[in-house]
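**Q** Coordinates for the following, if possible.
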Amino acid sequence: MAASGLTKWAAELAKGVHGYWANGRWKPLAISARHRAKIRKETLLSGGEWPYDAPRKEMKTFMKGHKVDRLAEQKRAKTAELMERMPQMLAEMKKRRLERTLKVKAEK
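**A** Reported below is the predicted structural model:
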């Protein structure tokens, strides 16, 4: 039955997976979704090929969740890096402040 069902409806299935556009209007297939699924299942079980499946979309590569949870590790790494540079940053700040005060005193 699988071969006969497929050959009988091959022309209709070739028009599209769920339907097709004709004369500017959407037309559903003349075969019901339940019957199409039954023919597909029988064809695949008998070892045949089913070329009428819709192309699958690419899967998402990221996990759902809260943005704060995803970025927490990056923030911790940046904080650790800044803490290592903190003594140098403080020394530069003190140097700039000293130069600014000396400049102000020199202008007076």
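**Q** Go ahead and confirm R40 touches W50.
**A** Yes - between R40 and W50 there is a contact at 5.3 Å, judged by C-beta atoms under 8 Å. The way it works is simple: take the backbone N, C-alpha and C, and place the C-beta from them, glycine included.
**Q** higher neighbour count, these two?
**A** Legend: neighbour count by other C-beta atoms under 10 Å for R40 and W50, higher for R40 (18 against 12).
**Q** Would you mark the buried spots in the helix or strand hosting the more buried one?
**A** In the assignment (DSSP states H and E), R40 maps to helix 33-45. Neighbour counts over helix 33-45 (16 or more other C-beta atoms under 10 Å) mark 36, 39-40, 42-43 as buried.
**Q** Tell me how far M93 lies from E107.
**A** Per C-beta to C-beta, to the nearest Å, M93 is found 22 Å from E107.
**Q** Give me the domain ranges for the chain.
**A** 2-45, 66-108 (automatic domain parsing).
**Q** Quick one: mean pLDDT for the last one?
**A** Along domain 66-108, the predicted confidence averages to a pLDDT of 92.
**Q** distance between the ends of stretch 50-59?
**A** 22 Å (C-alpha to C-alpha, to the nearest Å).
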